[in-house]
Each structure stands twice: as structure tokens, then as C-alpha cells.
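Engineer: With the sequence up front, the predicted model follows.
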Amino acid sequence: ENARKVLPENSEYWQSLDGDWKFNWAKHPNERPANFYQPTFDVSGWDDMPVPSNWNIVGLAKDGGQKYGTPIYCNQPVIFKHTVAVDDWKGGVMREPAKDWVTYEARNEVGSYRRDFDIPADWDGREIFVQFDGVDSFFYLWINGEYVGFSKNSRNAATFDISPFVKKGTNVIAAEVYRNSDGSFLEAQDMFRLPGIFR
């Protein structure tokens, strides 16, 4: 009967990881907390970030302040320094733009997300997957300090088999999200560029 309802949330073997995650924002990859995915790393002083959301939007204040970077609207080009030329993408996303660019200081924002989650006792022996329905634009994933994988396709679901990494009881999931990657060259279109775990 559950299967007839089609959507996975109708299954007893499904749980949502939506809600508040511990969050750290860095305007440059060199400023990110590199080892935050280790379960022993203390994130208790970090901000709470609702998931799903876009961190640029969450950080907007009524007085116009911006706690987590700037929402950037762009028609078709990418939002980092580039040249329209064959193989230009090989130059990467960290090239220095003009000083009046929004991304001059915040060259490639990084959002570090972490939270705990529990594996129910009746899931013992089952394959366990985690799915991110939309992450803009690139992210690495760790479970309990172990590297699981990455995804650069921000508009499609990224599903990972985490069976080898989880344990009974409490587990730690960590995602390191970059605003730009070489995949951004393929996703430039008429839209606001809004990073984060948005679906």
C-alpha cells in the first residue's frame, strides 16, 4: 500500500533531514573550516541554517545588511572572471576579477553544513541512501568523518549510498558547498545565482 502512494516519504523507511543544520559561511575557500566534517570538530558555536534554503537570502537583513554574501542576478554569463573562448573553463573559477565586481572579495563562497541524524533500529541490515534534490552549485559529502562523494549537477538529485558509512544510533552528516565550480559554466542562464542546499 505504501508503494502505491509512489512518493518515498510515504515509506516507513524514509526520513527527512530538512530543518536546521549548523552552518559556517566563508567568502573564500581559503577561509573555510577545512576539517569541520570530523565528528570531533566543535560546531556548537555555528549559526543555524534552515535546509532547504539559499544562504544569500537567509542572510539578508531588513536594514539591507548581508550576513552570508550577495544574491547575484546575471543573465547568461557566469559570475566569476572568464573569457568567451575555447577551453576557457580550464582557467577555473578563482581568477581575479575587476575590483568593482561583487565577487572580488567573495571570490567563491563556501557554506559548511553539519548535523546529526539517527538511524532507526528497524533499518538494521538495509541499504541506506541520502538524497539532495538541489545543491547550488557543487558539494562534497562526508558521513561520520568518512568521505562519500561529490556532485556538480545543481538542478538534479544527487543520491549517495551511505550504507558503508553509517552506524546504529547517532551519525554525523557534513556537506561542503561551493558557490562556483567548473560545472557553473554549463548552468549559466537567466536567473539569480543563489548558493546553498535549496531542495
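Structural biologist: Done, it's in.
Engineer: burial measure for Tyr113, as a count.
Structural biologist: Tyr113: 25 surrounding residues under other C-beta atoms under 10 Å. Just so you know, the C-beta spots here come from the backbone N, C-alpha and C atoms, and that holds for glycine as well.
Engineer: so what's it bridging to?
Structural biologist: Assessed by DSSP bridges, Tyr113 has beta-bridge partners Phe23, Ala175.
Engineer: same check, this time on the one 4 residues further on
Structural biologist: Going by DSSP bridges, Phe117 is paired in beta bridges with Asn171.
Engineer: most centrally placed residue in the protein?
Structural biologist: Residue closest to the mean C-alpha point of the chain, counted by C-alpha atoms, centre = their mean, is Val177 at 3.6 Å.
Engineer: Distance of that residue relative to Arg4?
Structural biologist: In this view, Val177 and Arg4 are 36 Å apart by C-beta to C-beta, to the nearest Å.
Engineer: need the helices for the protein, in chain order.
Structural biologist: 55-58, 184-187 (DSSP state H).
Engineer: Minimum distance to Glu31: which of these has it?
Structural biologist: Distance to Glu31, taken as C-beta to C-beta, is lowest for helix 55-58 among the helices of the chain, at 14.8 Å.
Engineer: ok, and what's touching the closest one?
Structural biologist: By C-beta atoms under 8 Å, 6 or more residues apart in numbering, the surrounding residues in contact with helix 55-58 are 23, 25, 49-50, 66-72, 109, 111, 194-196.
Engineer: Of these, grab the buried ones for PyMOL.
Structural biologist: Command for PyMOL that selects the buried part of those, burial taken from 16 or more other C-beta atoms under 10 Å:
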select buried, resi 23+25+49+68+69+70+71+72+109+111+194+195+196
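Engineer: which two from the contacts of helix 55-58 end up farthest apart in space?
Structural biologist: Pro50 and Ile72 (20.9 Å).
Engineer: Strands of this structure, start to end?
Structural biologist: Remark: strands assigned in the chain by DSSP state E are 19-26, 47-51, 72-74, 110-119, 129-132, 135-136, 138-143, 146-151, 158-161, 169-178, 191-193, 196-197.
Engineer: From the contact counts, what lies against the last one?
Structural biologist: Taking 3 or more C-beta pairs under 8 Å, 6 or more residues apart in numbering; DSSP states H and E as contact, the helices and strands that strand 196-197 lies on are helix 55-58, strand 135-136, strand 169-178.
Engineer: For Ala157, which of the ones you listed is the nearest?
Structural biologist: With C-beta to C-beta as the measure, strand 135-136 is the member of those nearest Ala157 (9.7 Å).
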